[in-house]
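S.K.: Could you work out the structure for the sequence below:
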Amino acid sequence: MTKQQRGFTLIELVMVIVILGVLAAVALPKFVDLKTDAVKAATQGFAGALSSASAINYAARTVKGATTATFAVTDCTNVSTGLQTPLPASVTITSAAVAVNATVNCTLTNTDSSPSSTATFSAIGIL
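M.R.: Purely as a prediction, here's the structure:
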């Protein structure tokens with residue numbers, strides 16, 4: 001009397017795992033939305049750049065005085081002139097007055113995704 005064995009061979013099991021892996025790799029990007037995370041990260045990056053530009057401008061203007069490399073900051077929107085490249089059209093800065101030698105938290109809004117992403121940066125006032 002002979003025994004009959006039932007089950008799958010190792011090759012069949014490996015092929016099923018490979019096929020499932022390929023399907024998962026193809027289907028997963030359709031379900032994951034990374035744009036919102038990317039817009040949030042970009043907005044925070046813009047805010048960090050604006051904070052740095054304001055601090056560097058304040059330090060340089062305090063040491064050297066008014067030169068062509070520095071700019072006056074009397075409003076939150078003035079800080080963007082310190083960047084080498086302009087902000088994208090989807091990024092706006094909420095206008096707020098900044099007193100001389102005062103630090104104000106300004107709001108930056110990026111409307112590139114829904115919902116829009118916001119971040120804050122510090123502006124230091126100087127004439």
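
S.K.: For this protein, name the helix or strand with the lowest mean pLDDT.
M.R.: Of the helices and strands making up the chain, the lowest-confidence element is helix 10-31, at a mean of 90, by mean pLDDT, DSSP states H and E.

S.K.: Pull the distance from it to the chain's centre.
M.R.: Offset of helix 10-31 from its chain centre (C-alpha atoms, centre = their mean, to the nearest Å): 33 Å.

S.K.: repeat for stretch 59-67
M.R.: Here stretch 59-67 is found 30 Å from its chain centre; the criterion is C-alpha atoms, centre = their mean.

S.K.: follow-up on the earlier one: show me which parts of the helix or strand just after the least confident helix or strand of the chain are buried, residue by residue.
M.R.: The C-terminal neighbour of helix 10-31 among helices and strands, as given by DSSP states H and E, is helix 35-64. If you call a residue buried by 16 or more other C-beta atoms under 10 Å, then helix 35-64 has these buried ones: 39, 42-44, 46-47, 49-51, 53-55, 57-58, 60-61. (Glycine included, C-beta is placed from N, CA and C.)
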